[in-house]
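Chemist: Mind folding the following:
(one chain, ligands or ions: 1)
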Amino acid sequence: MKILLAGATGFIGKSLVHSLGEAGHHVTALTRSKTKNNLPCVSIIWDASSVGTWSKALEGTDAVINLAGENIARRRWTRRQKKRILESRLQTIQALFDAMDRARQKPKIFIQASAIGYYGPSTDQVFTEDNGPGTDFLSSVCQRVEHELVQAKDGDLRCVALRIGVVLEKGGGALPKISFPFRLLMGGHLGNGSQWFSWIHRQDLIGIIHHVLENSSLHGAVNATAPEPVTLKEFCRTLGEVLHRPSWAHVPGFVLKILLGEMSEMVLYGQRVSPKKLLDIQYPFLYPNCRDALEAILRPASP
Ligand SMILES: NC(=O)c1ccc[n+]([C@@H]2O[C@H](COP(=O)([O-])OP(=O)(O)OC[C@H]3O[C@@H](n4cnc5c(N)ncnc54)[C@H](OP(=O)(O)O)[C@@H]3O)[C@@H](O)[C@H]2O)c1
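Modeler: Here you go, the predicted structure:
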């Protein structure tokens, strides 16, 4: 397939570029950066605020994947930063759809990154794709992103919004931040630890994206999480065991609220998400449980 990928230089994107290339697909990356584009594929500089010459890259592509957007954990959630988080996503979707409108030969598939934050927090509910949205900031961002997709969808374009869980792998995302205190023998959970933690190994997420590209039965919202979510306390206990470090310390919620402001909601509250659509088609997860995932990521490979 010919695939256009926005957000290719990020934590998920970089790994996806490699994997799509290895599978024989032709990937073109859209990036805002002249310096970060040392990717093993063609890179084109774009600016999502206008449809410029970059839009020619869309001609004749089979699929568009949009992972671009301001990182939600990059800065404190001031009003300005919240606007940036939302608008960077809406703008990239809009720009890609405007460019598709102009293309003579249009793509057939559009995959958009959304997140499990769509559902809002809950301590007891199990969320599948059939559940409605929450009411907090992250949920409102995911709702707007998915609404934009529905509004822009035209003709027989197959659109998939991946509601991605916390992606685990070395070298980026949440895991290095969570495991850092463990390496200093200061590991433990955040808040009261009873919040649900719906995670996914990056390799499984990449596999799911391949599957969505190749499988026309998947459309609309798809939960991209491992089938066995855990509470944060259980996750941290397992992390400590895998790292052979104690998990004893705990950072109380009020401290996180002072340190992180509204962003503390991201770690203090969670949701228990089931990847129902993927389980229904018996998607073969490589890492359904977090111990296997953490061991694969953190244990050094044997010589
Ligand atoms: N990682 C996770 O655990 C996780 C969980 C749930 C959902 N997601 C979602 O999945 C997507 C990809 O995640 P990721 O972890 O790979 O993110 P990431 O590492 O932050 O990368 C996102 C990419 O988006 C582009 N970008 C950053 N700020 C932007 C802005 N203001 N406007 C336009 N583009 C911008 C950047 O590419 P260039 O600089 O090359 O343009 C960057 O490489 C995001 O939408 C994220 O919210 C991730």
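
Chemist: What about contact with the ligand: does the top helix by length along the chain have any residue there?
Modeler: Taking DSSP state H as the criterion, the chain has its longest helix at helix 79-102. Yes: shown here: helix 79-102 in contact with the ligand (Cβ under 6 Å from any ligand atom) through 84, 88, 92. Using the backbone N, CA and C atoms, a C-beta is placed for each residue, glycine as well.

Chemist: Mind listing what's buried along the helix or strand bottoming out on mean pLDDT in the chain?
Modeler: The helix or strand of the chain with the poorest confidence is helix 253-260; it has a mean of 82 (mean pLDDT, DSSP states H and E). Residues of helix 253-260 classed as buried: 253, 256, 260 (neighbour count, 16 or more other Cβ atoms under 10 Å).

Chemist: And the contacts of that helix?
Modeler: 76, 190, 191, 192, 264, 266, 267, 268 (Cβ atoms under 8 Å, 6 or more residues apart in numbering).

Chemist: who are the neighbours in contact with the third one?
Modeler: This means residue 191. 232, 251, 252, 253, 256, 267, 268, 269 are the contacts of residue 191 under Cβ under 8 Å, 6+ apart.

Chemist: And the fifth one, by the same measure?
Modeler: Contacts for residue 264 (Cβ under 8 Å, 6+ apart) come out as 253, 256, 257.

Chemist: Residue 50 too?
Modeler: Here residue 50 is in contact with residue 95 (Cβ under 8 Å, 6+ apart).

Chemist: Relative to residue 205, which of the contacts of residue 264 is nearest.
Modeler: residue 256 (26.3 Å; Cβ to Cβ).

Chemist: So the closest one versus residue 216, what's the distance?
Modeler: As judged by Cβ to Cβ, to the nearest Å, residue 256 and residue 216 stand 43 Å apart.

Chemist: and the protein, which residues reach the ligand?
Modeler: 7, 9-13, 31-33, 36, 48, 67-72, 84, 88, 92, 113, 115, 164, 166-167, 173-174.

Chemist: Not counting sequence-adjacent ones, nearest residue to residue 283?
Modeler: residue 211 (6.3 Å; Cβ to Cβ, 6 or more residues apart in numbering).

Chemist: name the element the one you found belongs to?
Modeler: Secondary structure from DSSP states H and E places residue 211 in helix 202-214.

Chemist: Can you tell me what sits against that helix?
Modeler: Here helix 202-214 has contacts from 1, 3, 11-12, 15-16, 19-20, 23, 25, 63, 65, 109, 111, 160, 162, 164, 167-169, 173, 218, 222, 224, 226, 278, 283, 285-287, using Cβ under 8 Å, 6+ apart.

Chemist: For the residue in the chain that the ligand sits nearest to, grab the count of nearby residues.
Modeler: Per Cβ to the nearest ligand atom, residue 10 is where the chain lies closest to the ligand, at 2.1 Å. By other Cβ atoms under 10 Å, the residues close to residue 10 number 19.

Chemist: Check residue 56 too.
Modeler: Residue 56: 12 neighbours (other Cβ under 10 Å).

Chemist: Pull the distance from stretch 92-101 to the chain's centre.
Modeler: Relative to the centre of its chain, stretch 92-101 is centred 20 Å away, using Cα atoms, centre = their mean, to the nearest Å.

Chemist: contacts for it?
Modeler: For stretch 92-101, using Cβ under 8 Å, 6+ apart, the contacting residues are 4, 6-7, 46, 48-51, 54-55, 58, 64, 66, 68-69, 106-107, 110, 112, 145, 148-149, 152, 154, 157.

Chemist: out of those, which are buried?
Modeler: Using 16+ other Cβ under 10 Å, the buried members of the contacts of stretch 92-101 are 4, 6-7, 46, 48, 51, 54-55, 58, 64, 66, 68-69, 106-107, 110, 112, 145, 148-149, 152, 157.

Chemist: Can you tell me which of these end up in strands?
Modeler: In strands, judged by DSSP state E, the following of those are found: 4, 6, 64, 66, 110, 112.

Chemist: dump the residue contacts of the first one.
Modeler: Contact analysis of residue 4 by Cβ under 8 Å, 6+ apart lists 27, 28, 30, 57, 58, 61, 63, 64, 65, 96, 107.

Chemist: nearest spatial neighbour of residue 69, skipping sequence neighbours?
Modeler: Nearest non-adjacent residue to residue 69 (Cβ to Cβ, 6+ apart): residue 89, at 4.2 Å.

Chemist: residues near residue 169, how many?
Modeler: Neighbours around residue 169, by other Cβ under 10 Å: 21.

Chemist: Please disregard the earlier target; I meant residue 14.
Modeler: Residue 14 has 19 neighbours, counted by other Cβ under 10 Å.
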